[in-house]
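Participant: heads up, no residue letters with this:
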């Protein structure tokens, strides 16, 4: 017995995932009209496309903002995607808001990704950690110890490496994991472009 997929069903799934009309219709037909099963099927399929999504240029998106209740901390963040359709999607909007809120609560955040850290700063920090290692340890052991400390340092200053401040709500996922999840669910490349944090001491 064939399943009748209505336009309303397709629209609801598209709003939930950001996937194309035909993809949504096919997923619903194959799942017997079950929205949750169709959602999971699309999510799995989108996961395979993430590598390709990352190559797509972003030309749409939103400027998100968060002002703390005290009025003394505020954040602006620019996050981009591929289409205006996804820019208006609740999944994308939620991600933008969560990133802005996280930055507001993370004053040590200075960079979006590891690539933005100046090479000379990385070298200086590495040299510092190596110099702090006590004892006559072999160089390879010193390097491993220093690498661990460098990872911790980058978690403190690099946005994508940080666990979201609301660990319970987001299952201790990093901002990068949340970004990848939003990208998978919307079917588009999502890129955090810029942020600015303001605070009155």
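Facilitator: Cool, got the structure. Since the model is a prediction, treat every value here as computed from it, not as a measurement.

Participant: run through the strands of the chain in chain order.
Facilitator: Here the chain has its strands, by DSSP state E, at 60-67, 73-81, 191-199.

Participant: quick one: the first one to chain centroid distance?
Facilitator: Centre-to-centre, strand 60-67 and its host chain are 14 Å apart (C-alpha atoms, centre = their mean, to the nearest Å).

Participant: about what we covered before: okay, the strands of the chain, which one's buried deepest?
Facilitator: Ranked by mean neighbour count, the strands of the chain are led by strand 73-81 with a mean of 21 (mean count of other C-beta atoms under 10 Å). Quick note: C-beta positions are derived from backbone N, CA and C, even for glycine.

Participant: list the strands paired with it, with their directions.
Facilitator: Here strand 73-81 has these sheet partners by DSSP bridges: strand 60-67 (antiparallel), strand 191-199 (antiparallel).

Participant: thinking again about what came up before, okay, the strands of the chain in JSON lines with mean pLDDT next?
Facilitator: Listed next are those as JSON lines, based on pLDDT from 0 to 100:
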{"stretch": "strand 60-67", "mean pLDDT": "96"}
{"stretch": "strand 73-81", "mean pLDDT": "97"}
{"stretch": "strand 191-199", "mean pLDDT": "96"}
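
Participant: looking at those strands, which is closest to residue 138?
Facilitator: strand 191-199 (39.5 Å; C-beta to C-beta).

Participant: what's in contact with the closest one?
Facilitator: Contact with strand 191-199 is made by 58, 61, 72-81, 99-100, 103-104, 107, 109, 112, 159-160, 175, 179, as judged by C-beta atoms under 8 Å, 6 or more residues apart in numbering.

Participant: flag the shaky bits of this structure, pLDDT-wise.
Facilitator: 1-3, 15-19, 46-56 (pLDDT under 70).

Participant: most centrally placed residue in it?
Facilitator: Residue closest to the average C-alpha location in the chain (C-alpha atoms, centre = their mean): residue 179, at 1.9 Å.

Participant: domain parsing for this structure?
Facilitator: The chain breaks down into these domains under automatic domain parsing: 7-53, 60-111+158-199, 118-157.

Participant: no further questions, thank you.
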